[in-house]
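**Student:** no sequence on this one, just coordinates:
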């Protein structure tokens with residue numbers, strides 16, 4: 001039908017606002033993390049209705065997904081993610097930035113390390129430090 005959004009797996013239309021719990025489930029973080037992000041990322045401003053219930057519009061959902069990617073996939077700090085979002089360099093990348101070559105410290109073009117490999121390495125290092 002014309003003018004109707006197709007519902008997703010949860011029965012919501014694609015353009016419908018999400019409650020905080022729904023967004024938390026969608027991106028895989030606890031609700032308190034989303035509340036924390038609201039204090040650190042001024043761009044993330046969900047609607048608050050009676051009882052201070054939060055509702056996230058489509059642009060809020062997209063922003064929360066970008067923040068999650070920057071922090072949990074690309075490994076940015078909160079401050080680094082804030083800067084990346086504010087200067088527009090927060091594009092989702094398939095690979096990490098180029099790494100310095102061994103020896104002279106100069107970066108070589110095309111030597112990016114896959115993000116999955118970096119995430120696995122971070123997990124191994126965290127396990128070793130325990």
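**Tutor:** Yep, it's here. Since we're looking at a predicted model, the values are computed, not measured.

**Student:** C-alpha from now on. contacts and neighbour counts both.
**Tutor:** Will do.

**Student:** Assign a three-state SS to residue 29, would you?
**Tutor:** At residue 29 the chain is in coil, as set by DSSP: H, G, I helix; E, B strand; the rest coil.

**Student:** Now it. Its backbone dihedrals?
**Tutor:** phi -130, psi 160 (degrees, to the nearest 10).

**Student:** pLDDT wise, what is the residue nearest to residue 78 when sequence neighbours are not counted at?
**Tutor:** Closest residue to residue 78 apart from its sequence neighbours, by CA to CA, 6 or more residues apart in numbering: residue 71 at 6.8 Å. Listed pLDDT for residue 71 reads 93.

**Student:** does residue 71 really touch residue 79, like I thought?
**Tutor:** No - counting by CA atoms under 8 Å, residue 71 sits too far from residue 79 to count as a contact (9.9 Å).

**Student:** Tell me which of these two has more neighbours.
**Tutor:** residue 71 (16 against 12; other CA atoms under 10 Å).

**Student:** residue contacts, the more buried one?
**Tutor:** Contact partners of residue 71, counting by CA atoms under 8 Å, 6 or more residues apart in numbering, are 77, 78, 81.

**Student:** Then residue 56?
**Tutor:** Neighbour list for residue 56: 17, 18, 19, 20, 23, 46, 47 [criterion: CA under 8 Å, 6+ apart].

**Student:** So the fifth one sits against residue 61, correct?
**Tutor:** Yes - with contact taken as CA under 8 Å, residue 23 and residue 61 are classed as touching, separated by 7.1 Å.

**Student:** what stretches of the chain score poorly on pLDDT?
**Tutor:** Applying pLDDT under 70 to the chain flags residues 1-15, 89-113.

**Student:** Does residue 63 touch residue 46 like I think?
**Tutor:** No - applying CA under 8 Å as the test, residue 63 and residue 46 come out as separate, 10.7 Å apart.
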